[in-house]
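Chemist: Fold the stuff below for me.
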Amino acid sequence: MSETILEIIVLVISLFTDGTTGITATILSKKQQKIRNENKELKEKINDIKIEINNINTKLDVITIINNKLANNNKINIRQKNKDGNKNEKEKD
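Modeler: Purely as a prediction, here's the structure:
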């Protein structure tokens with residue numbers, strides 16, 4: 001769509017100027033190409049950022065799983081210590 005607008009602008013300018021149409025078209029074409037290149041670079045950076053965010057989320061998921069396993073192990077160890085402590089108290093009696 002922007003190319004159509006650009007063509008219309010060049011045509012309108014060419015109606016009012018005699019020798020500068022080619023220069024104007026070249027300038028507008030260069031600006032449009034620069035914008036396309038910048039957009040391409042921005043899209044690449046956005047994709048890189050999305051990949052990094054996914055990597056971070058994956059690492060966070062792994063850390064969460066490890067933390068949950070450690071918490072479960074701690075609960076098991078506490079229960080085991082409580083059972084061992086109760087056995088020792090009964091043996092002392």
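Chemist: If you count contacts, what does the helix or strand hosting residue 38 end up packed against?
Modeler: Taking DSSP states H and E as the definition, residue 38 sits inside helix 21-92. Packing partners of helix 21-92 (3 or more CB pairs under 8 Å, 6 or more residues apart in numbering; DSSP states H and E): helix 2-16. All C-beta spots, glycine's among them, are computed from the backbone N, C-alpha and C.
Chemist: roughly how far out does the helix holding residue 38 sit from the chain middle?
Modeler: 10 Å (CA atoms, centre = their mean, to the nearest Å).
Chemist: Rounded mean pLDDT for that helix, please.
Modeler: Mean pLDDT, helix 21-92: 86.
Chemist: distance of the residue most central in space within the chain from residue 43?
Modeler: In the chain, the C-alpha nearest the mean C-alpha coordinate belongs to residue 50, at 2.1 Å (CA atoms, centre = their mean). Note on residue 50: its distance to residue 43, by CB to CB, to the nearest Å, is 10 Å.
Chemist: ok, the nearest residue to residue 29 once chain neighbours are set aside to residue 39 distance?
Modeler: Residue nearest to residue 29 in three dimensions, not counting chain neighbours: residue 6, with 7.7 Å by CB to CB, 6 or more residues apart in numbering. Noted for residue 6: a distance of 15 Å to residue 39, by CB to CB.
Chemist: So for these two, which sits in the more crowded spot?
Modeler: residue 6 (15 against 10; other CB atoms under 10 Å).
Chemist: contacting residues for the more buried one?
Modeler: 28-29, 32 (CB atoms under 8 Å, 6 or more residues apart in numbering).
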